[in-house]
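Colleague: how does the following fold in three dimensions:
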Amino acid sequence: SGVSRYLFVPLAEAVMFAVAASYILSRTLVPTLIMWFERNHHRVAPATPSAGGQEKSNPSDDGSGADRSADGRMHGAEHVALWIRPFVALGRLFERGFDRLRTGYHDLLGKILTRRVAFAVVFLALCAGSWVLVPFLGQDFFPAVDAGSFELHVRALAGTRVEETAKLVDQVEAVIRQRIPAQELQGIIDNIGIPNSGINLSYNNTGTAGPADADILVALQQNHKPTANYVRQLRLDLHQKFPGSEFYFLPADIVTQTINFGLPAPFDIQILGRDLQTDHKIAAALAQRLRSVTGAVDIRVQQPLHLQRFEFTVDRTKAAGVGLTERDVASSVLLSLSGSGQTAPSYWVDPTTGVQYLVSVRAPEYRVASLNALQSLPVSAGQPGAANGQLLTNLASFTRTNSQPIYSHYNILPVVDIFGGISKRDLGGVLSDIKPIIAEVQKTLPRGTSIMLRGQALTMSSSFIGLSIGLIAAVALIYLLLVVNFQSWLDPFIILTALTGALAGVIWGLFVTGTSMSVPAMMGAIMCTGVATANSVLVVTFARQRLNDGLDPLHAAWEAGTTRLRPVLMTALAMIIGMLPMALGLGEGGEQNAPLGRGVVGGLTIATVATLLFVPVVFSLLHRGNSKPEQTNPSQGLAAPIPAT
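Modeller: Residues are numbered from 1 along each chain as shown. Next up is the predicted model:
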């Protein structure tokens, strides 16, 4: 449910359809191919005793281990093409090695079964102790992806003209080129000031509020050093070289922007209240405290309150005395400063080229370049016969004030946002330090003001809860399905005991590789439970069959482990080897699914050990009531030969 649904439902559907297709092919195509490829394979006839008491061998057997027909042609393993024989030799070498492995496993399992209670206690203690590592893993909603690009926002001192901002951007760009080698730099794009288009302005979330703001987008070549290293170095360099300006980095790749759900930072702390002045004071004090949190970087207030402006107040008595209204004064000032396209004619056609141009009029910039020029702006009613020639200074008074260029609302209430990023630490660890600070400030807020935490923090928490519920539901559903299949409540429980090793393996796999717990890692844990359960079914099914044949539980578990060694190892190794490229994070954006692969590899490694060692022990312990009196001593009779497979 939630965000995880949109991110991983396609992955889950792909796995389900692939498993369903493989099951159908294993029951249809695989038997057909076996029958086709093994049609020329003949078994060697066993030797028969002669009349003199000596064994009489098959006349077609020449001692080579192959079957020779009456016409002298070879059948079986020797009747193969020359190019296949190296693979046959490799297969025989593998079989000899596997036989030695099986012999060692047979002896090890026998020794463990003689001390099964002690082994079960130690194994469960190790699995339970693995959960101590969970707080050291850290938590992230999604792993960071190195897309080879980053975006830097520059904010100069309040009141800086766009020309001066452009000079500052040139200096910042020079610092970037000094830090990043030329062979790794692909290009730099600068966007200075407010976008010309209203559409671009409405969709802009970088915090651009005026001519003192600029965005710098940097793209790196394919073979570049980690982008995060450059970002950390530039963060230090820029603050040291330009102490009066503000710098913060924004997500430039589509993956991070999608994970942030439109926000320009991983976490967003909102101060909601009706008094903006009070909200800004609270936000400034809170942001100052958040800057001391380890791992929290680029802390800034999204809505600045230092934009300088001139505010004129119209004296309506004086304006009415000359036949003007406050609307006439405001319209005249707006026409002079912003211009108007409502002209006659609306278009002008160049008589030379025939190109037509849209006509718009406004006051020349030199006429509004100073306060005296503003006070001398003409004011009129804009109607024929109306009073004209009045100066603005005769009708209004001027004051210099600071204003907020960006106004944001959440549920109608005005809101001030504090955005922040993460560096060299997991999101869960940073939030664990931020939440106590927020709770402390929350107690001192005036009535009607509140603080809300948004961003990846809430999304991560809801996703973790949803995936945890999904994991528990998956285990419960598997158990009920096995109960129906086995017609028993005990054997499915024995099968699921392998999941203790699977979950411990997931934790160790993430801890050893330095990977934080994330949504992909939890998806890997869910996938691991399915494969671990399937392997345990193989062992418990065979042990149950041998138990029904009259064998005591101890020997049934021992024989089941030895007999099912090959399919269990092949299934686990196939999954582990298939996940290794994903676990290594190879390729562009490989970091995205690396936690999933590492969780599966670690989980299946320990789950396989649990299936081959712990599950037979649990089976022999829980079914010991079925033992015959003469078979209750586990230290006797454990020297049986290895069962044939």
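
Colleague: point out where this structure drops to low pLDDT.
Modeller: Applying pLDDT under 70 to the chain flags the ranges 1-5, 7, 40-81, 83, 197-199, 202, 382-389, 587-589, 625-645.

Colleague: parallel or antiparallel, which strands does the longest strand seen in it pair with?
Modeller: The longest strand of the chain (DSSP state E) is strand 413-422. Strand 413-422 pairs in its sheet with strand 267-272 (antiparallel), strand 296-301 (antiparallel), strand 408-410 (antiparallel), by DSSP bridges.

Colleague: in the second one, what's buried?
Modeller: Within strand 296-301, the residues scored as buried using 16 or more other C-beta atoms under 10 Å are 296-301. Bear in mind the C-beta positions are built from the backbone N, C-alpha and C, glycine included.

Colleague: next structured bit after that strand?
Modeller: strand 307-314 (DSSP states H and E).

Colleague: tell me which residues are up against that following strand.
Modeller: The contact list for strand 307-314, computed with C-beta atoms under 8 Å, 6 or more residues apart in numbering, reads 158-159, 209-210, 326, 329-330, 333, 371, 374, 392, 395-405.

Colleague: and what about residue 217, helix, strand or coil?
Modeller: strand (DSSP: H, G, I helix; E, B strand; the rest coil).

Colleague: list the contacts for the closest residue to it other than its chain neighbours?
Modeller: Spatial nearest neighbour of residue 217, chain neighbours left out: residue 189 (4.5 Å); criterion: C-beta to C-beta, 6 or more residues apart in numbering. Residues counted as contacts of residue 189 (C-beta under 8 Å, 6+ apart) are 216-217, 219.

Colleague: how does it look with 10 Å?
Modeller: 151, 215-219 (C-beta atoms under 10 Å, 6 or more residues apart in numbering).

Colleague: ok, now residue 413?
Modeller: 270-274, 279, 448-450 are the contacts of residue 413 under C-beta under 10 Å, 6+ apart.

Colleague: ok, of the residues you listed, which come out buried?
Modeller: Applying 16+ other C-beta under 10 Å to the contacts of residue 413 flags 270-273, 279, 449 as buried.

Colleague: for those residues, please prepare TSV with the additional fields distance to residue 606.
Modeller: Below are the buried ones among the contacts of residue 413 laid out as TSV (distance: C-beta to C-beta, whole Å):
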residue	distance to residue 606
270	43
271	47
272	48
273	52
279	52
449	51
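
Colleague: check the gap between residue 169 and residue 509 for me.
Modeller: Residue 169 is 45 Å from residue 509, where distance means C-beta to C-beta, to the nearest Å.

Colleague: any idea which helix or strand comes after the helix or strand harbouring residue 336?
Modeller: Using DSSP H and E, residue 336 sits within helix 326-338. The helix or strand immediately downstream of helix 326-338 is strand 347-349, counting by DSSP H and E.

Colleague: now that following strand: buried residues?
Modeller: Counting neighbours, the buried set in strand 347-349 is empty (16+ other C-beta under 10 Å).

Colleague: who's in contact with the residue positioned nearest the centre of the chain?
Modeller: Nearest to the mean C-alpha position of the chain, by C-alpha atoms, centre = their mean, lies residue 142 at 2.2 Å. Listed by C-beta under 10 Å, 6+ apart, the contact partners of residue 142 are 3, 7, 255-256, 258-260, 266, 427, 456, 459-460, 463, 518-520, 591-592, 595.

Colleague: which of the residues you listed fall in helices?
Modeller: If you go by DSSP state H, the contacts of residue 142 have 3, 7, 255-256, 258-259, 427, 456, 459-460, 463, 519-520, 595 in helices.

Colleague: ok, and the most crowded of those?
Modeller: For the ones in helices among the contacts of residue 142, the largest number of neighbours (other C-beta atoms under 10 Å) sits with residue 595, at 29 neighbours.

Colleague: of all the ones in helices among the contacts of residue 142, which comes closest to residue 147?
Modeller: residue 255 (6.8 Å; C-beta to C-beta).

Colleague: name the nearest residue to that closest one, sequence neighbours excluded.
Modeller: residue 145 (4.8 Å).

Colleague: what is the burial count for the one you found?
Modeller: 19.

Colleague: part of a strand, is it?
Modeller: No. Applying three-state DSSP, one finds residue 145 to be coil, outside a strand.

Colleague: hmm, back to that, now the strands paired with strand 413-422 in a markdown table, with distance to residue 477?
Modeller: As requested, the strands paired with strand 413-422 are exported to a markdown table (distance: least, C-beta to C-beta, whole Å):
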| stretch | distance to residue 477 |
| --- | --- |
| strand 267-272 | 35 |
| strand 296-301 | 41 |
| strand 408-410 | 40 |
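
Colleague: closest to residue 620 out of those?
Modeller: Closest among the strands paired with strand 413-422, using C-beta to C-beta: strand 267-272, at 51.9 Å.

Colleague: are any of the contacts of strand 307-314 buried, and which?
Modeller: 209-210, 329, 333, 374, 392, 395-396, 404-405.

Colleague: tell me the one of these nearest residue 87?
Modeller: residue 209 (69.7 Å).
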